[in-house]
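Asker: Starting from these lines, generate the structure:
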Amino acid sequence: MSEPLLSREWLRSFLPYQPTADRFERMRSCAGALFGIALTGAISYVLIGDAGAVAWLVAPMGASAVLLFAVPSSPLAQPWSIIGGNLVSALIGVTCAKLFHAPLLAAALAIALAIGVMFVLRCIHPPSGAVALTMVLGGPAVSAAGYSFVFVPVMLNSLVLATLAVFYNNAVGRRYPHSPQLVAPHPAPKAGEPPAKTSLGFSADEIDTVLKNYNQLLDISREDLEQIFIKVEAMAYKRRFGEMTCGDIMRTDVVSVNFGTHLDEAWRILHTHKLKALPVLDRGQRVVGIVTPIDFMEHAGVETYLGFKGKFRHLLSRSGKIHDDKPEVVGQIMTTKVHTARELSAVVDLVPLLSEHGLRHIPVVDEDQKLVGMLTQADMINALYGHRLISG
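Answerer: Below is the predicted model of the structure:
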């Protein structure tokens, strides 16, 4: 019973996957290949001229065009991949052709060595295998040209096609080169600290460990893979917890202060209500800042513990002067860059904001940007955990 099932599953593995790119993306890929190959050939012809036996456009550029214009986010399609991969493969191919007179042996060694060197130089580019093969089996014209064929036309084609790919992909709204450096790296944890978590729970180190254990070259960058994981997990959270909004779990009994509230009064409010943050509002009840005990400490100048009480008492005291460098009101020490949430926003959407920015308190505003509540990290954990218990 199981053998036919296994056979069907095995045969099913040969079926092509359904591409996720929409019609517009496919048209961009086709137009890019048309644009890239036509101009690469034209520019190379103008620079080389009618060279007779020397070609002005080599066949592997067609395979490179598929990568550069159809899957530009692939690590195999980056500028260094095509330039470095084609260069080393062409050099190795010519060298093998000169050292080994048996074409089959020279071709096999050229491709194997090219793959090894591309791994070392981190410029894996599948069409470069065809470049190495071309240098061995390209015929009398390639043999006669020797190492000069490496630079004209192979490197010339590669440089022109890579330049056109940069221009075209950015012109149509793609990020290219798709450099992993553009994704913010996760800082290494300090001694004794747990690994840094991504926005929804798993750590960057865990991704690296899984990829290391997988031990295969993937046609996707590690950073892109992490972003896909985060977005998939966010969708799973939304499905699991439904449409729970900030308004459903926020605290409505919010204590706030105004821009002109004196520091001693604001500190008394924090201490009396045992709060960790106070929203600062303007006359229209809109959030213009947030003040925390840390803001008081920083403006008291307590870099050291020497004279702590005196410095802090001086900060809270009212000078009574019209012009003074000493802060007198909340508006002079508050943090003005405040992350707020909308009352109808999904709770799950705030998870990256809380984890990545290290926030603990987020003011919640309505459609008119007026303060209607406060959401803390503890509120979110309690709500999500309680929802899980109920739904489970």
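
Asker: quick one: low-confidence parts of the stretch 101-250 of the chain?
Answerer: The stretch 101-250 of the chain contains residues with pLDDT under 70 at 179-202, 237-238, 240-242.

Asker: Pretty sure S128 sits against G85.
Answerer: Yes. Assessed by CB atoms under 8 Å, S128 is found in contact with G85 at 3.6 Å. Placement of C-beta: from N, CA and C, glycine included.

Asker: Tell me if I'm right that P279 and L371 touch.
Answerer: Yes. The criterion here is CB under 8 Å, and P279 meets it with L371 at 5.7 Å.

Asker: list residues touching both of these two?
Answerer: Jointly contacting P279 and L371 under the rule CB atoms under 8 Å, 6 or more residues apart in numbering are V254, S256, V287, P363.

Asker: Quick one: list the elements packing against the helix of greatest length in the chain.
Answerer: Using DSSP state H, we find that the single longest helix of the chain is helix 23-48. Judged by 3 or more CB pairs under 8 Å, 6 or more residues apart in numbering; DSSP states H and E, helix 23-48 is in contact with helix 60-70, helix 156-171.

Asker: Quick check: what element follows the longest one along the chain?
Answerer: Going back to what we said before, that points to helix 156-171. Heading C-terminal from helix 156-171, the first helix or strand you meet, by DSSP states H and E, is helix 204-214.

Asker: List the buried residues of that following helix.
Answerer: For helix 204-214, the neighbour count (16 or more other CB atoms under 10 Å) marks A204, I207 as buried.

Asker: roughly how far out does that helix sit from the chain middle?
Answerer: Relative to the centre of its chain, helix 204-214 is centred 17 Å away, using CA atoms, centre = their mean, to the nearest Å.

Asker: That helix packs against which elements?
Answerer: Helix 204-214 sits against helix 222-241, with contacts defined as 3+ CB pairs under 8 Å, 6+ apart.

Asker: By neighbour count, which of the shared contacts of P279 and L371 wins?
Answerer: With neighbours taken as other CB atoms under 10 Å, the top of the shared contacts of P279 and L371 is P363, carrying 25 neighbours.

Asker: picking that back up, who's more crowded, S128 and G85?
Answerer: For S128 versus G85, neighbours defined as other CB under 10 Å are more numerous around S128 (33 against 30).

Asker: In which helix or strand does that one reside?
Answerer: Per DSSP H and E: S128 is located in helix 127-137.

Asker: Now do that helix and helix 156-171, the angle between them.
Answerer: Helix 127-137 and helix 156-171 are oriented at 160 degrees to each other (axes from the mean of the first three to the mean of the last three CA atoms, to 10 degrees).

Asker: buried stuff in helix 127-137?
Answerer: Buried, per 16+ other CB under 10 Å, within helix 127-137: P127, S128, G129, A130, V131, A132, L133, T134, M135, V136, L137.

Asker: quick check: angle from it to helix 60-70?
Answerer: Using the same axes, to 10 degrees: helix 127-137 against helix 60-70 is 170 degrees.

Asker: so how many other residues sit close to the closest residue to M244 other than its chain neighbours?
Answerer: Spatial nearest neighbour of M244, excluding adjacent residues (CB to CB, 6 or more residues apart in numbering): V347 at 4.8 Å. Neighbour count for V347, taken as other CB under 10 Å: 25.

Asker: Check M155 too.
Answerer: Residues contacting M155 under the criterion other CB under 10 Å number 16.

Asker: Repeat that for the one 4 residues further on.
Answerer: Per other CB under 10 Å, the neighbour tally for L159 reads 19.

Asker: just to revisit the earlier point, overlap in contacts, S128 and G85.
Answerer: Taking CB under 8 Å, 6+ apart as the criterion, S128 and G85 both touch A114, M118.

Asker: which ones are touching P126?
Answerer: A63, L67, L76.

Asker: Most neighbours among those residues, which one is it?
Answerer: For the contacts of P126, the largest number of neighbours (other CB under 10 Å) sits with L76, at 22 neighbours.

Asker: Which stretches in the stretch 201-350 of the chain count as helices?
Answerer: 204-214, 222-241, 246-249, 263-273, 293-300, 308-316 (DSSP state H, counting those that start in this stretch).

Asker: can you redo those helices as a markdown table with distance to L156?
Answerer: What follows is the helices of the stretch 201-350 of the chain, written out as a markdown table (distance: least, CB to CB, whole Å):
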| stretch | distance to L156 |
| --- | --- |
| helix 204-214 | 36 |
| helix 222-241 | 31 |
| helix 246-249 | 58 |
| helix 263-273 | 68 |
| helix 293-300 | 59 |
| helix 308-316 | 68 |
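
Asker: most neighbours per residue, which of these?
Answerer: Stretch with highest mean neighbour count among the helices of the stretch 201-350 of the chain: helix 246-249 (a mean of 19; mean count of other CB atoms under 10 Å).
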